[in-house]
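Novice: could you work out the structure for the sequence below:
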Amino acid sequence: MRSNDLTPLLRATVGFDRMMNMLDSATRIDESALSYPPYNIEKIGEDDYRIVMAVAGFGEDDLDITVKENSLIIAGKKDKAVDAATYLHRGIATRGFERRFDLADHIKVTGAKLENGQLYVDLVREIPEAMKPRSIKIDAGAPSKAKVLEGKAA
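Specialist: Predicted structure coming up:
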């Protein structure tokens, strides 16, 4: 895989450090990490989203959900000592994982539940009032008077 060096771009930008770090990390993605565990991202409403992750074999105590800055980290670790069964075939993967999601600004995690082998993580976009679009009223009053210089040279 070819690696791109973004260092020359960093010298010419100010205030775009986070975006450049995201671009840099996007080029270093491990393909095997992208497939396990499988997940969906659903849009439930205008500002409501849900991540659904298939975590068969994991219980509530085996999963950890952490929000740090603008990242959602979902990690699963199965205790090997508890599993004392002898398998003839083992098709349900219970290997540990860590899945990271970069959250956009103003996205908040509102809750999570584990049901039927699927983990549901609910998200909502909460835009502050100061950032919402607002309408500006146009006054239809008398036109303003322009200042006139009285016969003086400029």
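
Novice: ranges for the helices of the chain?
Specialist: Along the chain, counting by DSSP state H, helices occupy 7-11, 17-26.

Novice: rank those helices by pLDDT, which is bottom?
Specialist: For these, the weakest mean pLDDT is recorded on helix 7-11, namely a mean of 60.

Novice: point out where this structure drops to low pLDDT.
Specialist: Within the chain, the ranges that satisfy pLDDT under 70 run 1-34, 81-84, 142-154.

Novice: and the chain, what are its domain boundaries?
Specialist: Here the domain parsing of the chain from automatic domain parsing is 1-35, 38-129.

Novice: just name the most buried of those.
Specialist: Ranked by mean neighbour count, the domains of the chain are led by domain 38-129 with a mean of 13 (mean count of other C-beta atoms under 10 Å). Every C-beta, even on glycine, is put in place using the N, C-alpha and C of the backbone.

Novice: kindly check the end-to-end length of that one for me.
Specialist: Using C-alpha to C-alpha, to the nearest Å, one end of domain 38-129 lies 36 Å from the other.

Novice: do stretch 62-80 as well
Specialist: Stretch 62-80 has an end-to-end distance of 11 Å (C-alpha to C-alpha).
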